[in-house]
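Q: Could you look at this predicted model? Sequence included:
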Amino acid sequence: MINRENQVETDEMCGEISSDLLRHYNYTLGRLDRQIQPAYLYKALALSIRDRLMESWRVTREQEEIKKSKRVFYLSLEFLLGRALTNAIENLELEEEAQQALRDYGTTLEDVQEQELDAGLGNGGLGRLAACFLDSCATLQLPVTGYGIRYEYGMFHQRIERGFQVESPDHWLLDGNPWEIERADRTRTIKFYGYSEHYTHDNGEHGVRWSGTSDVKALPYDMPIPGYRNGTVNTLRLWQAVASDEFNLDEFNAGDYTEAVAAKNQAEQITMVLYPNDSSVNGKALRLRQQYFLASASMQDVLADWAADNGEDFSDFASKHCFQLNDTHPTLAVAELMRLLIDEHFLAWDQAWQITTQTMAYTNHTLLPEALEKWSVRLMQELLPRIMDIIYEVNARFLAEVTLRWPGDTERQRHLSLIEEGDDPHVRMAYLAIVGSSSVNGVAALHSQLLKAGLFKNFYELWPNKFNNKTNGVTPRRWLAFCNRPLSNLINETIGDNWVTDLDKLNELKKFTNDPSFCAKWDQIKKSNKENLADLVMEQCGVQFDTEYMFDVQVKRIHEYKRQLLNILHVIHLYDRIKRGDTQNLKPRCVLIGGKAAPGYAQAKLTIKLINNVAAVINADPGVASYLKFVFLPNYRVSSMEVICAATDLSEQISTAGKEASGTGNMKFMMNGAVTIGTYDGANIEILDAVGPENFFLFGLKVEELPEYRRLHQPSQIIEQDEDLRRVMQLLECGHFNLFEPGLFEPIVAAVRNPYDPWMVAADFRAYIEAQQMASNAYDDRTSWLQRSIMNTATSGRFSSDRTIREYAQDIWKL
Ligand code: 26Q
């Protein structure tokens with residue numbers, strides 16, 4: 001239930017937005033400009049809006065303290081928030097007043113919002129999911145706090161030079177962040193290095209303390225998370241590393257000033273930069289430091305609040321707390337909670353373990369083996385000796401349990417051990433998360449199924465009840481109501497506005513698929529959204545997109561398993577058809593690909609280069625222009641998706657089956673009336689199920705078919721026997737797209753021809769081309785296409801993160 005009872009009158013504190021805006025401009029920011037500067041206008045508006053959040057924020061916090069109800073903490077190394085201004089304004093229902101105030105300055109909210117940099121504190125899906133979840137928790141008025149890291153540099157900025165990705169730092173805090181509040185009073189101390197010291201308490205009992213450490217301070221910054229028009233404002237607390245005085249003092253005593261400053265740098269490095277790899281781990285010590293830093297600061301923060309109210313009585317702690325681990329990245333929280341309870345609050349192991357396992361819950365986001373975190377025991381021993389002790393002890397007790405269940409089965413013990421043995425033993429973080437949690441969930445039905453059958457099979461046999469599914473969702477506020485105003489206005493006129501907090505209501509749109517006037521409006525809105533995207537493409541790529549053409553879009557991180565390459569092969573195939581005059585049935589398209597490649601991922605970077613080279617050939621050929629445009633949109637991020645998803649006709653979700661855990665872009669496109677062309681993978685399966693096969697272009701091998709096909713896979717034979725694929729490969733191999741860069745794309749050609757190609761590109765080519773032709777034909781019949789588009793929006797209710805969060809709240813958090 002959404003209510004407004006804690007909606008606070010802020011009138012006493014705030015005047016009109018327009019007068020506050022002026023006050024902040026002149027006094028807070030100290031500007032005396034004759035000519036209004038847009039960057040400062042944005043800031044003054046943001047501060048005016050923030051003022052209006054403050055009172056509700058305080059009240060939300062106070063009411064939580066009074067209620068003493070169970071609280072949930074969402075622990076994540078990433079929160080990909082994007083922009084905050086429009087989101088806050090819309091959630092507070094201040095749009096008209098803000099627009100009115102901006103009119104005095106001859107500008108609009110749309111223009112001012114462009115001044116805000118995205119908060120890019122995440123790589124992609126996992127980070128954006130955390131942001132959507134916080135939005136839903138605030139909207140559902142659930143007592144959920146986010147804990148994360150305040151990276152000085154977020155996700156890198158991508159630009160394209162000579163077709164290649166070039167990264168530059170994203171110094172997003174350079175001009176200050178009007179949305180954050182520093183909370184110096186809540187600073188925590190984080191230990192590193194040192195050793196475990198055993199001692200005897202006064203009462204004769206044995207105790208351990210972590211001594212001889214180098215400490216780093218964790219300084220929190222709070223960001224407000226407003227709910228949708230309900231007076232609730234939750235908190236995202238982001239930790240920044242600051243050198244501690246003691247840290248410096250030691251060095252000063254040694255008399256070396258420069259060493260001291262260097263040490264300060266080392267401490268503050270911890271939160272300097274977000275690691276930009278999203279699908280493989282790198283084993284860097286700094287990343288481990290980040291993970292422990294977040295885990296320790298957050299667990300100390302929660303325990304300090306508890307101890308302030310309850311002293312050393314932890315008997316009720318487990319019933320009042322839940323910690324949701326966003327992948328294994330914050331999993332050291334399991335060991336850290338044990339350490340704090342045992343070493344600092346003097347609980348016995350068994351009580352501490354019961355509290356820990358009852359409060360922790362783990363979400364897995366990947367099946368790719370290279371993305372499973374493992375940390376070298378040697379590294380952990382050195383950096384976090386006391387934590388390593390605890391992990392060994394957890395493992396010993398766990399393996400004893402395994403032995404009881406399967407006596408004498410040493411093979412199974414070896415497989416289940418938290419430590420992967422060998423020359424260089426490693427801690428298996430997913431195993432620590434499973435053993436330390438009461439819930440383990442995947443992020444789409446297929447994914448959760450595959451976890452039980454494959455990766456975590458042994459654990460599933462041991463604890464079948466821990467395992468569950470929570471299919472991802474996205475917030476319908478940002479991803480429909482705010483990013484697609486024209487469409488949401490039409491929906492409001494047609495079925496009312498309850499859908500914003502009850503997305504299943506969109507089902508009522510089904511009735512209008514045969515209403516010509518409704519369909520005409522739907523068509524018109526898509527067209528005008530396409531004009532916005534065409535403007536962006538012109539500005540960023542210098543290519544003219546024609547809004548009559550089908551807009552065919554794939555935006556996501558660049559990875560081989562996501563198969564941007566398959567998309568490129570289709571584009572080359574269309575180009576080839578045009579060049580050889582096979583244009584019957586060929587319907588015009590604008591194809592857009594966007595996304596960042598991890599800086600160390602050579603094949604992904606080469607894929608970007610190939611897109612740009614193919615695009616250059618296609619867009620330079622006047623004979624092709626009436627059928628095909630192709631671009632790579634640089635620096636894909638949250639704020640570009642807000643324009644893109646509203647303007648897309650065809651959504652590309654074409655991963656190799658079993659590789660995409662869920663996908664969430666697929667849901668944003670669907671909500672905005674795009675039709676999916678996709679494989680039977682992740683949440684695509686549930687999208688297909690919701691919208692029906694006539695409104696989805698399904699193709700490709702299924703998970704259960706893959707092993708057999710892999711065994712027999714002979715790409716060169718497929719190429720030989722498929723005239724179209726042969727011609728496409730011919731164009732690639734003869735250097736048609738790299739006349740002056742000979743051999744450049746050999747690794748890509750080799751990948752397609754590789755009989756062990758893990759991504760099975762050649763195997764799915766024919767099915768993909770046929771599905772694409774069906775999509776083209778369908779688009780050509782505009783009336784039925786509109787029905788498909790409406791049906792996609794109408795059946796997207798299940799993919800609201802409100803639904804997902806209700807499931808977490810009920811099944812895992814027990815709120
Ligand atoms: C780990 C260790 C060291 C450095 C980096 C990392 C790291 C960072 C980010 C590993 C993975 C990620 C991000 C993964 C991710 O975004 N996964 C996606 O999660 C989505 C939300 O559940 C799913 O929809 C996608 O299918 C999944 O790929």
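A: Everything's here; your move.
Q: C-alpha only now, for contacts and for neighbours.
A: OK.
Q: which ones are touching whichever residue of the stretch 401-550 of the chain sits closest to the ligand?
A: The stretch 401-550 of the chain approaches the ligand most closely through Val443 (5.5 Å), counting by C-alpha to the nearest ligand atom. Val443 sits next to Thr363, Asn364, His365, Asn469, Lys470, Thr471, Asn472, Ala661, Ser662 when contact means C-alpha atoms under 8 Å, 6 or more residues apart in numbering.
Q: Ramachandran coordinates for the fourth one?
A: Same thing as Asn469. Main-chain torsions, Asn469, degrees, to the nearest 10: phi -110, psi 140.
Q: I'd assumed Asn441 was in contact with it.
A: Yes: contact status for Asn469 versus Asn441: in contact at 5.1 Å, counting by C-alpha atoms under 8 Å.
Q: Show me what from the stretch 651-800 of the chain comes close to the ligand.
A: Glu660, Ala661, Ser662, Gly663, Thr664 (C-alpha under 6 Å from any ligand atom).
Q: any chance of the residues you listed in JSON lines, with distance to Thr328 and neighbour count too?
A: Formatted as JSON lines, these follow (distance: C-alpha to C-alpha, whole Å; neighbours: other C-alpha atoms under 10 Å):
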{"residue": "Glu660", "distance to Thr328": "17", "neighbour count": "26"}
{"residue": "Ala661", "distance to Thr328": "15", "neighbour count": "27"}
{"residue": "Ser662", "distance to Thr328": "17", "neighbour count": "28"}
{"residue": "Gly663", "distance to Thr328": "18", "neighbour count": "25"}
{"residue": "Thr664", "distance to Thr328": "20", "neighbour count": "24"}
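Q: could these go into TSV alongside distance to Leu450 and secondary structure?
A: TSV is the format used below for those (distance: C-alpha to C-alpha, whole Å; DSSP: H, G, I helix; E, B strand; the rest coil):
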residue	distance to Leu450	secondary structure
Glu660	11	coil
Ala661	9	coil
Ser662	12	coil
Gly663	15	coil
Thr664	19	coil
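Q: ok so, going back, name the nearest residue to the residue of the stretch 401-550 of the chain closest to the ligand, ignoring sequence neighbours.
A: Thr471 (4.6 Å; C-alpha to C-alpha, 6 or more residues apart in numbering).
Q: Would you mind listing the residues in contact with that neighbour?
A: Gly442, Val443, Ala444, Ala445, Ser662, Ala683, Thr804.
Q: Show me which residues of this protein are close to the ligand?
A: Counting by C-alpha under 6 Å from any ligand atom, the residues of the chain close to the ligand are 123-126, 129, 275, 277-282, 365-366, 371, 443, 660-664.
Q: Please repeat the previous calculation with a cut-off of 5 Å.
A: Contact residues (C-alpha under 5 Å from any ligand atom) of the chain with the ligand: 124-126, 277-279, 281, 365, 660-664.
Q: and those, which two are the farthest apart?
A: Val281 and Thr664 (21.7 Å; C-alpha to C-alpha).
Q: which sections of the stretch 201-350 of the chain are below the confidence cut-off?
A: Flagging of the stretch 201-350 of the chain using pLDDT under 70 yields the residue ranges 246-255.
Q: quick one, helices of it?
A: Ranges of helices within the stretch 201-350 of the chain are 245-253, 257-268, 285-310, 317-320, 332-339, 349-359, based on DSSP state H, counting those that start in this stretch.
Q: would you turn those helices into JSON lines with mean neighbour count?
A: Output for these, formatted as JSON lines (neighbours: other C-alpha atoms under 10 Å):
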{"stretch": "helix 245-253", "mean neighbour count": "15"}
{"stretch": "helix 257-268", "mean neighbour count": "16"}
{"stretch": "helix 285-310", "mean neighbour count": "19"}
{"stretch": "helix 317-320", "mean neighbour count": "17"}
{"stretch": "helix 332-339", "mean neighbour count": "26"}
{"stretch": "helix 349-359", "mean neighbour count": "19"}
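Q: For Asp552, find the nearest of those helices.
A: Of those, nearest to Asp552 by C-alpha to C-alpha is helix 285-310, at 37.0 Å.
Q: what angle sits between that closest one and helix 332-339?
A: In terms of direction (axes from the mean of the first three to the mean of the last three C-alpha atoms, to 10 degrees), helix 285-310 departs from helix 332-339 by 50 degrees.
Q: for helix 285-310, the distance to its chain's centre please.
A: Distance of helix 285-310 from the chain centroid (C-alpha atoms, centre = their mean, to the nearest Å) equals 22 Å.
Q: With stretch 186-203 instead?
A: 35 Å.
Q: ok, now stretch 196-207?
A: Taking mean C-alpha positions (C-alpha atoms, centre = their mean), stretch 196-207 and its chain are 44 Å apart.
Q: Just the buried residues of that stretch, please?
A: Residues of stretch 196-207 classed as buried by neighbour count (16 or more other C-alpha atoms under 10 Å): Ser196.
Q: Which residues does that stretch contact?
A: By C-alpha under 8 Å, 6+ apart, stretch 196-207 touches Val208, Arg209, Trp210, Ser211, Asp343, Phe346, Pro385, Arg386.
Q: The fourth one pairs with what?
A: In this case it means Ser211. Tyr195 (DSSP bridges).
Q: Just to confirm, what's the three-state secondary structure of Val72?
A: Classification of Val72 by DSSP: H, G, I helix; E, B strand; the rest coil places it in strand.
Q: partner residues bridging it?
A: Assessed by DSSP bridges, Val72 has beta-bridge partners Val144, Cys322.
Q: unless I'm mixing things up, Ile558 is touching Tyr601, no?
A: No: using C-alpha under 8 Å, Ile558 is not in contact with Tyr601; the gap is 9.3 Å.
Q: longest strand anywhere in the protein?
A: strand 214-226 (DSSP state E).
Q: sorry, back to before: just the ones in strands from the contacts of Thr471, please.
A: Within the contacts of Thr471, residues falling in strands by DSSP E are Gly442.
Q: which of the contacts of Thr471 count as buried?
A: Neighbour-count burial (16+ other C-alpha under 10 Å) is assigned, among the contacts of Thr471, to Gly442, Val443, Ala444, Ala445, Ser662, Ala683, Thr804.
Q: What's the local residue count around Asn619?
A: 18 (other C-alpha atoms under 10 Å).
Q: Adding distance to Asp689 as columns, could you present the buried ones among the contacts of Thr471 in TSV?
A: As requested, these are exported to TSV (distance: C-alpha to C-alpha, whole Å):
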residue	distance to Asp689
Gly442	19
Val443	16
Ala444	13
Ala445	12
Ser662	14
Ala683	10
Thr804	17
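Q: shouldn't Arg289 be in contact with Ile270?
A: Yes: taking C-alpha under 8 Å as the definition, Arg289 is a contact partner of Ile270 at 6.6 Å.
Q: contacting residues around the residue of the stretch 301-450 of the chain at minimum distance from the ligand?
A: Across the stretch 301-450 of the chain, the shortest distance to the ligand (C-alpha to the nearest ligand atom) belongs to His365, at 4.9 Å. By C-alpha under 8 Å, 6+ apart, His365 lies in contact with Leu126, Asp327, Gly442, Val443, Ala661, Ser662.
Q: For the closest residue to the ligand within the stretch 651-800 of the chain, grab phi and psi.
A: At 3.4 Å from the ligand, Gly663 is the closest residue in the stretch 651-800 of the chain, using C-alpha to the nearest ligand atom. Main-chain torsions, Gly663, degrees, to the nearest 10: phi 90, psi 140.
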